[in-house]
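Q: Give me a model of this one.
(one chain, ligands or ions: 1)
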Amino acid sequence: MEPTVDLPSEFKRAAEFPVVQSWAFLNHAAVAPISRAAHDAIVEFAEQAANDAYLTGKWYKQIETVRELAANFIGAHIDEIAFAKNTSEGIAFVASGLDWHRGDQVISTAVGYPTMVYPWMDLAARARIEHVELRETDGRFTTEQVLATVTPRTRLVALSHVEFGSGFRHDIAAIGRFCRSRGILLCVDAIQSLGVIPVNVHEMNIDFLSADGHKWLLAPEGAAIFYCRRELLTALRPEVGWMNVINANDFGAHNFTLKSDARRFECGSHNVPGILALGASIRLLQRVSLPLVYRRVAALTDYLRHRLSEKKYRVISSARQNETSGIIAFESPYGPTVHDAVVRELEEKRIIITQRVGRLRASPHFYNTFEDIDRLIDALPT
Ligand SMILES: Cc1ncc(COP(=O)(O)O)c(C=O)c1O
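A: Numbers count the residues shown, from 1 in each chain. Sure thing, here's the model as predicted:
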């Protein structure tokens, strides 16, 4: 088991995450509570929008600061970051923006969140690409399995860094190294990792990444980070609106020249409160320090895994080093048919987990406590 990792003494849990006063919330892989910092950013925006007329110029400058923050957070250059509506939109930028040829192959997993499945099914139907799905065995994949599936026609490998149903973490760095050496593109859905697992897009040789803020980033839904490697900016055809062009504010000019950086993917007005809130939560995570967040989540999930096994619940999530995440998927000794009832009973006891793809799923974040895990274990039927 991981040793206990304490929260910094200056971190005031109930002030930063008021949710802890009412709930043992262990469902960050779904829609997480927003941090107090994100809440304050939204309230400040609302106050300004209601009272101070429109401060669009000021807010859009703040958005550029968040862009820089997001770039630093994932090891990208600022000109590689666009804001998207959600994870799916970022993935759709790739699926609909690349110039596909009949017979191109896309590799994804058979257990992916629909965001990482339907765009390739759509391309198979409409552009006659070949969509190959990797099968999961006991909640795991191997890197060798990914590499062995590649053929000379493989154009794109599309993976969720962390699989939503099992919590399995792909070795993106190894897969990225391989793909780059063969000229294969790597597209990563990072919504289940960003905010808990360190990600460096350049070191990991990721070409495209998308992640909304409403899970491990502790921000609201509807404001996502989309990364496109600098060399590929012109390889993706954007959806075009008024804002993708260089003189976007010169409304009468109609000079259709796309911006040279990733802002070329932003076709219209931003979700200002969402992006400002996202920035506030990223700052909070940096203040606490991401390595500490990662170690603490590892300690909490390790403890949870251990206590579930003691209670004869079957843990599906891999315990192997580098395959773990913030997600623990497990099964009741009475089988999946009781999972619905278990989730409802827990909610009555003010403990939130969920069920996905026939498994129970708990996903604690760094501000949860070992007592929260004990509460869950004590409340689970024996
Ligand atoms: C792996 C994965 N991708 C994407 C999403 C959600 O995507 P979006 O931000 O487009 O709503 C989820 C949500 O559960 C997810 O688990």
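Q: helices and strands around the longest strand along the chain, which ones?
A: Identified as the longest strand of the chain according to DSSP state E is strand 154-160. Judged by 3 or more C-beta pairs under 8 Å, 6 or more residues apart in numbering; DSSP states H and E, the packing partners of strand 154-160 are helix 87-97, strand 105-109, helix 172-182, strand 185-189. Heads up, the C-betas are built off the backbone N, CA and C, glycines and all.
Q: Show me which residues of that strand are buried.
A: Of the residues in strand 154-160, 154, 155, 156, 157, 158, 159, 160 count as buried by neighbour count, 16 or more other C-beta atoms under 10 Å.
Q: Check stretch 325-336 too.
A: Buried residues in stretch 325-336, defined by neighbour count with 16+ other C-beta under 10 Å: 325, 326, 327, 328, 329, 330, 331, 332.
Q: With distance to the ligand, mean pLDDT and mean neighbour count as added columns, please give the helices and strands packed on strand 154-160 in a markdown table.
A: Compiled in a markdown table, the helices and strands packed on strand 154-160 are given as follows (distance: least, C-beta to the nearest ligand atom, whole Å; pLDDT from 0 to 100; neighbours: other C-beta atoms under 10 Å):
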| stretch | distance to the ligand | mean pLDDT | mean neighbour count |
| --- | --- | --- | --- |
| helix 87-97 | 3 | 98 | 22 |
| strand 105-109 | 10 | 98 | 23 |
| helix 172-182 | 13 | 98 | 18 |
| strand 185-189 | 5 | 98 | 25 |
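Q: Can you lay out those as CSV showing distance to residue 117?
A: Output for the helices and strands packed on strand 154-160, formatted as CSV (distance: least, C-beta to C-beta, whole Å):
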stretch, distance to residue 117
helix 87-97, 10
strand 105-109, 6
helix 172-182, 18
strand 185-189, 10
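Q: tell me which element residue 126 is part of?
A: Here residue 126, judged by DSSP states H and E, is contained in helix 118-127.
Q: which other helices and strands contact the next helix-or-strand element following that helix?
A: Following helix 118-127 in sequence order, the next helix or strand is strand 130-134 (DSSP H and E). Using 3+ C-beta pairs under 8 Å, 6+ apart, the elements in contact with strand 130-134 are strand 105-109, helix 118-127, helix 143-149.
Q: Strand 130-134 pairs with which strands, and in what direction?
A: strand 105-109 (parallel) (DSSP bridges).
Q: Can you give me the distance of residue 380 to the ligand?
A: According to C-beta to the nearest ligand atom, to the nearest Å, residue 380 and the ligand sit 23 Å apart.
Q: Next, the contact list for that residue, please.
A: Counting by C-beta atoms under 8 Å, 6 or more residues apart in numbering, residue 380 touches 308, 311, 313, 332, 342, 346.
Q: And what about the last one, helix, strand or coil?
A: Which is residue 346. Under DSSP: H, G, I helix; E, B strand; the rest coil, residue 346 falls in the helix class.
Q: Now the phi/psi pair for the closest residue to it other than its chain neighbours, please.
A: Closest residue in space to residue 346, ignoring its immediate chain neighbours: residue 379 at 5.6 Å, by C-beta to C-beta, 6 or more residues apart in numbering. When read as degrees, to the nearest 10, the backbone of residue 379 gives phi -90, psi -10.
Q: Next, find the distance separating residue 379 from residue 64.
A: Taking C-beta to C-beta, to the nearest Å as the measure, residue 379 falls 46 Å from residue 64.
Q: can you check residue 146 too?
A: As judged by C-beta to C-beta, residue 146 and residue 64 stand 37 Å apart.
Q: quick one: which of those two has more around it?
A: Neighbours of residue 146 and residue 64, each counted by other C-beta atoms under 10 Å, are more numerous for residue 146; the result is 20 against 11.
Q: closest to residue 18 among the buried residues of stretch 325-336?
A: Of all the buried residues of stretch 325-336, residue 18 sits closest to residue 326, with 20.6 Å by C-beta to C-beta.
Q: Do I have it right that the closest one meets residue 26?
A: No. Look at residue 326 against residue 26 with C-beta atoms under 8 Å: they stay out of range, at 9.9 Å.
Q: Before I go, just wanted to say thanks for your time.
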